[in-house]
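Asker: okay, here's the prediction I keep looking at, along with the sequence it came from:
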Amino acid sequence: MQKSTLLKSMILRQEILVMPGAYDPISARLIERAGFEAVQCTGLGITAAALGLPDFSVIGMSDMAARTARIVRATALPVMADGDNGFGNAVNTFLTVQEFEAVGIAGINLEDQQQPKRCGHLDGKQIVSTAEMVQKIRAAAEARQDSDLVINARTDSLALGGVEEVLRRGNAYLEAGADMVFVDGVDNEDYITRLVRGVRGPIAVNMVEGGKTPPGLTVERLQSLGVARVSLPVTALLAAVQGMKVALAKLKTSGDPAAYQAGLAGFEELHGLTGMDRVREMERRYATPPDEVVAE
(Lines give C-alpha, C1' and ligand atoms only; values in the text may rest on other atoms or scores of the structure.)
Protein backbone atom coordinates (compact mmCIF):
# COMPACT_ATOMS: atom_id res chain seq x y z
CA MET A 1 0.00 0.00 0.00
CA GLN A 2 1.27 3.46 -0.84
CA LYS A 3 2.11 5.61 2.17
CA SER A 4 -0.39 8.24 1.07
CA THR A 5 -3.14 5.63 0.90
CA LEU A 6 -2.14 4.33 4.31
CA LEU A 7 -2.17 7.82 5.80
CA LYS A 8 -5.58 8.58 4.36
CA SER A 9 -6.99 5.31 5.69
CA MET A 10 -5.70 6.10 9.18
CA ILE A 11 -7.33 9.53 9.05
CA LEU A 12 -10.68 8.06 8.00
CA ARG A 13 -10.81 5.25 10.56
CA GLN A 14 -12.55 5.53 13.93
CA GLU A 15 -9.35 5.57 15.99
CA ILE A 16 -7.60 8.93 16.24
CA LEU A 17 -4.23 9.25 14.45
CA VAL A 18 -1.46 10.65 16.67
CA MET A 19 1.39 12.32 14.76
CA PRO A 20 4.36 13.65 16.77
CA GLY A 21 6.45 16.29 15.05
CA ALA A 22 9.86 15.52 13.57
CA TYR A 23 12.40 18.23 12.94
CA ASP A 24 15.22 16.05 11.60
CA PRO A 25 15.93 12.42 10.64
CA ILE A 26 16.87 11.35 14.17
CA SER A 27 13.61 12.62 15.67
CA ALA A 28 11.68 10.88 12.87
CA ARG A 29 13.39 7.57 13.66
CA LEU A 30 12.69 7.96 17.36
CA ILE A 31 9.01 8.58 16.60
CA GLU A 32 8.95 5.36 14.60
CA ARG A 33 10.76 3.38 17.31
CA ALA A 34 8.31 4.66 19.92
CA GLY A 35 5.52 2.90 18.04
CA PHE A 36 3.69 5.79 16.38
CA GLU A 37 2.09 5.25 12.99
CA ALA A 38 2.91 8.47 11.16
CA VAL A 39 5.18 11.51 11.33
CA GLN A 40 4.30 15.18 11.09
CA CYS A 41 7.06 17.49 9.91
CA THR A 42 7.15 20.57 12.10
CA GLY A 43 8.00 23.80 10.32
CA LEU A 44 8.63 25.51 13.64
CA GLY A 45 10.95 22.71 14.73
CA ILE A 46 12.82 22.52 11.44
CA THR A 47 13.32 26.29 11.41
CA ALA A 48 14.44 26.42 15.03
CA ALA A 49 16.80 23.45 14.79
CA ALA A 50 18.28 24.33 11.40
CA LEU A 51 18.58 28.10 11.73
CA GLY A 52 17.98 29.00 15.36
CA LEU A 53 15.26 31.36 14.16
CA PRO A 54 11.51 31.63 14.85
CA ASP A 55 8.75 30.20 12.66
CA PHE A 56 8.39 33.37 10.62
CA SER A 57 8.64 32.40 6.93
CA VAL A 58 12.43 32.37 6.95
CA ILE A 59 12.89 29.01 5.18
CA GLY A 60 12.06 28.90 1.49
CA MET A 61 10.16 26.19 -0.34
CA SER A 62 13.13 24.38 -1.88
CA ASP A 63 15.05 24.33 1.39
CA MET A 64 12.05 23.02 3.32
CA ALA A 65 11.41 20.36 0.68
CA ALA A 66 15.05 19.24 0.89
CA ARG A 67 14.92 18.99 4.68
CA THR A 68 11.62 17.12 4.45
CA ALA A 69 13.16 14.68 1.97
CA ARG A 70 15.77 13.71 4.58
CA ILE A 71 13.03 13.00 7.10
CA VAL A 72 11.09 10.93 4.55
CA ARG A 73 14.19 8.84 3.80
CA ALA A 74 14.86 8.30 7.50
CA THR A 75 11.62 6.48 8.34
CA ALA A 76 9.31 3.84 6.94
CA LEU A 77 6.29 5.73 8.30
CA PRO A 78 4.03 8.01 6.25
CA VAL A 79 5.22 11.61 6.54
CA MET A 80 3.04 14.70 6.38
CA ALA A 81 5.00 17.73 5.26
CA ASP A 82 4.62 21.31 6.43
CA GLY A 83 3.89 23.25 3.25
CA ASP A 84 3.59 26.53 5.14
CA ASN A 85 1.14 28.81 3.32
CA GLY A 86 2.15 27.42 -0.06
CA PHE A 87 5.13 29.79 -0.02
CA GLY A 88 3.17 32.38 -1.96
CA ASN A 89 0.06 32.49 -4.11
CA ALA A 90 -1.91 29.69 -5.76
CA VAL A 91 0.76 29.18 -8.42
CA ASN A 92 3.43 28.87 -5.74
CA THR A 93 1.19 26.40 -3.92
CA PHE A 94 0.85 24.29 -7.06
CA LEU A 95 4.64 24.16 -7.41
CA THR A 96 5.05 23.47 -3.68
CA VAL A 97 2.85 20.39 -3.86
CA GLN A 98 4.75 19.13 -6.90
CA GLU A 99 8.10 19.64 -5.20
CA PHE A 100 7.08 18.00 -1.93
CA GLU A 101 5.27 15.09 -3.57
CA ALA A 102 8.42 14.33 -5.54
CA VAL A 103 10.35 13.67 -2.31
CA GLY A 104 7.87 11.03 -1.16
CA ILE A 105 5.53 12.71 1.31
CA ALA A 106 2.16 11.14 2.12
CA GLY A 107 0.41 14.41 2.95
CA ILE A 108 0.96 18.14 3.28
CA ASN A 109 -0.26 20.95 5.52
CA LEU A 110 -1.28 24.16 3.73
CA GLU A 111 -2.44 27.12 5.77
CA ASP A 112 -4.39 30.31 5.24
CA GLN A 113 -2.04 32.73 6.97
CA GLN A 114 -0.64 35.77 5.26
CA GLN A 115 3.09 36.19 4.71
CA PRO A 116 5.06 36.20 6.92
CA LYS A 117 3.25 33.43 8.77
CA ARG A 118 3.93 32.43 12.35
CA CYS A 119 3.28 29.62 14.82
CA GLY A 120 -0.46 29.09 15.19
CA HIS A 121 -0.24 29.31 18.99
CA LEU A 122 1.15 32.85 18.89
CA ASP A 123 -0.78 36.10 18.69
CA GLY A 124 -0.56 38.54 15.79
CA LYS A 125 -1.65 36.20 12.98
CA GLN A 126 -3.23 37.52 9.80
CA ILE A 127 -5.09 35.40 7.26
CA VAL A 128 -5.85 35.61 3.56
CA SER A 129 -9.39 35.78 2.20
CA THR A 130 -11.43 32.61 1.91
CA ALA A 131 -11.46 33.04 -1.87
CA GLU A 132 -7.66 33.18 -2.05
CA MET A 133 -7.22 30.09 0.12
CA VAL A 134 -9.83 28.20 -1.88
CA GLN A 135 -7.77 28.83 -5.00
CA LYS A 136 -4.65 27.60 -3.23
CA ILE A 137 -6.40 24.38 -2.21
CA ARG A 138 -7.76 23.98 -5.72
CA ALA A 139 -4.23 24.41 -7.12
CA ALA A 140 -2.86 21.89 -4.60
CA ALA A 141 -5.49 19.31 -5.52
CA GLU A 142 -4.76 19.72 -9.22
CA ALA A 143 -1.00 19.57 -8.67
CA ARG A 144 -0.88 16.23 -6.90
CA GLN A 145 -0.17 13.20 -9.07
CA ASP A 146 -1.40 10.77 -6.43
CA SER A 147 -5.08 11.31 -5.66
CA ASP A 148 -4.51 9.82 -2.17
CA LEU A 149 -1.93 12.46 -1.23
CA VAL A 150 -3.54 14.06 1.83
CA ILE A 151 -4.15 17.80 1.61
CA ASN A 152 -4.51 19.02 5.16
CA ALA A 153 -6.04 22.50 4.95
CA ARG A 154 -5.01 24.43 8.03
CA THR A 155 -6.98 27.47 9.10
CA ASP A 156 -5.88 30.03 11.65
CA SER A 157 -9.23 31.80 11.53
CA LEU A 158 -10.42 30.67 14.97
CA ALA A 159 -8.51 33.42 16.77
CA LEU A 160 -9.73 36.05 14.32
CA GLY A 161 -13.28 35.07 13.40
CA GLY A 162 -14.41 32.43 15.86
CA VAL A 163 -15.99 29.03 15.28
CA GLU A 164 -18.46 30.20 12.64
CA GLU A 165 -15.65 31.52 10.47
CA VAL A 166 -13.78 28.24 10.84
CA LEU A 167 -16.86 26.30 9.78
CA ARG A 168 -17.37 28.51 6.74
CA ARG A 169 -13.76 28.29 5.66
CA GLY A 170 -13.29 24.63 6.52
CA ASN A 171 -16.21 23.48 4.41
CA ALA A 172 -15.11 25.72 1.55
CA TYR A 173 -11.63 24.18 1.67
CA LEU A 174 -13.07 20.67 1.61
CA GLU A 175 -15.20 21.54 -1.41
CA ALA A 176 -12.07 22.87 -3.16
CA GLY A 177 -10.27 19.53 -2.76
CA ALA A 178 -8.86 19.32 0.76
CA ASP A 179 -9.06 15.96 2.55
CA MET A 180 -8.98 17.25 6.11
CA VAL A 181 -9.36 20.56 7.97
CA PHE A 182 -6.70 21.41 10.52
CA VAL A 183 -7.90 24.01 13.04
CA ASP A 184 -4.88 25.55 14.72
CA GLY A 185 -4.80 27.29 18.07
CA VAL A 186 -7.86 25.58 19.56
CA ASP A 187 -8.07 26.73 23.17
CA ASN A 188 -11.52 25.49 24.20
CA GLU A 189 -12.91 21.97 24.25
CA ASP A 190 -16.39 23.22 23.37
CA TYR A 191 -14.99 24.60 20.12
CA ILE A 192 -13.80 21.13 19.17
CA THR A 193 -17.27 19.68 19.65
CA ARG A 194 -18.82 22.35 17.45
CA LEU A 195 -16.14 21.94 14.78
CA VAL A 196 -16.49 18.16 14.59
CA ARG A 197 -20.25 18.55 14.17
CA GLY A 198 -20.13 21.40 11.68
CA VAL A 199 -17.23 20.60 9.35
CA ARG A 200 -18.19 18.12 6.63
CA GLY A 201 -14.97 16.15 6.76
CA PRO A 202 -12.20 14.96 9.11
CA ILE A 203 -10.98 17.44 11.73
CA ALA A 204 -7.37 17.77 12.84
CA VAL A 205 -6.00 19.75 15.78
CA ASN A 206 -2.66 20.01 17.48
CA MET A 207 -1.46 19.92 21.06
CA VAL A 208 1.32 22.37 21.90
CA GLU A 209 2.88 22.16 25.34
CA GLY A 210 2.94 25.70 26.72
CA GLY A 211 0.74 26.94 23.86
CA LYS A 212 -3.01 27.47 23.68
CA THR A 213 -3.92 23.80 24.14
CA PRO A 214 -6.46 23.56 27.01
CA PRO A 215 -4.98 22.11 30.23
CA GLY A 216 -5.86 18.48 30.79
CA LEU A 217 -6.74 17.76 27.17
CA THR A 218 -5.63 14.24 26.20
CA VAL A 219 -5.50 12.12 23.08
CA GLU A 220 -8.19 9.89 24.55
CA ARG A 221 -10.45 12.88 25.10
CA LEU A 222 -9.88 14.14 21.56
CA GLN A 223 -10.88 10.75 20.20
CA SER A 224 -14.07 10.79 22.24
CA LEU A 225 -14.86 14.21 20.75
CA GLY A 226 -14.49 12.82 17.22
CA VAL A 227 -11.14 14.35 16.18
CA ALA A 228 -9.54 12.39 13.34
CA ARG A 229 -5.94 13.40 13.81
CA VAL A 230 -3.81 15.22 16.36
CA SER A 231 -0.26 16.43 15.90
CA LEU A 232 2.18 17.24 18.67
CA PRO A 233 4.63 19.36 16.72
CA VAL A 234 7.15 20.43 19.35
CA THR A 235 7.14 17.60 21.92
CA ALA A 236 10.37 16.05 20.66
CA LEU A 237 12.13 19.38 20.22
CA LEU A 238 11.14 20.67 23.67
CA ALA A 239 12.31 17.39 25.21
CA ALA A 240 15.63 17.66 23.38
CA VAL A 241 16.16 21.27 24.47
CA GLN A 242 15.42 20.44 28.10
CA GLY A 243 17.69 17.40 28.01
CA MET A 244 20.56 19.46 26.62
CA LYS A 245 20.02 22.22 29.17
CA VAL A 246 20.16 19.78 32.08
CA ALA A 247 23.22 17.90 30.84
CA LEU A 248 25.19 21.03 29.98
CA ALA A 249 24.35 22.67 33.31
CA LYS A 250 25.61 19.60 35.20
CA LEU A 251 28.73 19.51 33.06
CA LYS A 252 29.41 23.16 33.83
CA THR A 253 28.94 22.81 37.57
CA SER A 254 30.55 19.43 38.15
CA GLY A 255 32.89 18.78 35.26
CA ASP A 256 32.07 15.10 35.78
CA PRO A 257 30.26 13.15 33.01
CA ALA A 258 29.01 10.73 35.65
CA ALA A 259 26.79 13.52 37.01
CA TYR A 260 24.60 13.51 33.91
CA GLN A 261 25.33 10.13 32.30
CA ALA A 262 21.98 8.67 33.39
CA GLY A 263 20.15 11.33 31.38
CA LEU A 264 21.95 10.55 28.12
CA ALA A 265 21.18 8.09 25.37
CA GLY A 266 23.81 5.41 24.88
CA PHE A 267 26.72 6.09 22.56
CA GLU A 268 25.98 2.89 20.64
CA GLU A 269 22.29 3.79 20.52
CA LEU A 270 23.18 6.99 18.67
CA HIS A 271 25.23 5.01 16.16
CA GLY A 272 22.30 2.65 15.77
CA LEU A 273 19.96 5.53 15.00
CA THR A 274 22.31 6.81 12.32
CA GLY A 275 22.60 3.40 10.64
CA MET A 276 26.17 2.58 11.61
CA ASP A 277 25.37 -1.15 11.75
CA ARG A 278 24.46 -1.06 8.07
CA VAL A 279 27.69 0.79 7.26
CA ARG A 280 29.70 -1.85 9.08
CA GLU A 281 27.89 -4.61 7.20
CA MET A 282 28.61 -2.84 3.91
CA GLU A 283 32.27 -2.45 4.86
CA ARG A 284 32.49 -6.21 5.36
CA ARG A 285 30.62 -6.88 2.12
CA TYR A 286 32.81 -4.64 0.00
CA ALA A 287 36.12 -5.22 1.77
CA THR A 288 39.09 -5.89 -0.47
CA PRO A 289 40.24 -9.56 -0.27
CA PRO A 290 43.46 -9.87 1.79
CA ASP A 291 45.56 -11.12 -1.10
CA GLU A 292 44.71 -8.00 -3.09
CA VAL A 293 45.85 -5.53 -0.48
CA VAL A 294 48.76 -3.53 -1.84
CA ALA A 295 51.51 -2.84 0.68
CA GLU A 296 52.73 0.72 0.97
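Answerer: Structure's in. What do you need?
Asker: can you give me the strands in the stretch 101-250 of the chain?
Answerer: Here the stretch 101-250 of the chain has its strands, by DSSP state E, counting those that start in this stretch, at 107-111, 150-155, 180-183, 203-206, 229-232.
Asker: could you list the low-confidence segments of the chain?
Answerer: Filtered on pLDDT under 70, the chain yields the residue ranges 292-296.
Asker: quick one: closest of the strands of the stretch 101-250 of the chain to residue 129.
Answerer: Proximity to residue 129 (Cβ to Cβ) singles out strand 150-155 among the strands of the stretch 101-250 of the chain, at 12.2 Å. (C-beta placed from N, C-alpha, C; glycine too.)
Asker: domain ranges for the protein?
Answerer: The chain breaks down by automatic domain parsing into domains covering 3-240, 256-287.
Asker: hey, which of those domains is tucked in deepest?
Answerer: domain 3-240 (a mean of 20; mean count of other Cβ atoms under 10 Å).
Asker: which parts of the stretch 1-150 of the chain are helices?
Answerer: Secondary structure of the stretch 1-150 of the chain (DSSP state H, counting those that start in this stretch): helices at 3-12, 25-33, 43-51, 61-74, 90-102, 130-143.
Asker: helices or strands up against the third one?
Answerer: Taking 3 or more Cβ pairs under 8 Å, 6 or more residues apart in numbering; DSSP states H and E as the contact definition, the neighbouring helices and strands of helix 43-51 are helix 61-74, helix 235-254.
Asker: between the last one and helix 25-33, how many degrees?
Answerer: Direction vectors for helix 235-254 and helix 25-33, defined by axes from the mean of the first three to the mean of the last three Cα atoms, to 10 degrees, enclose an angle of 120 degrees.
Asker: what's the following helix or strand after helix 235-254?
Answerer: Going down the chain from helix 235-254, the next helix or strand is helix 267-273, by DSSP states H and E.
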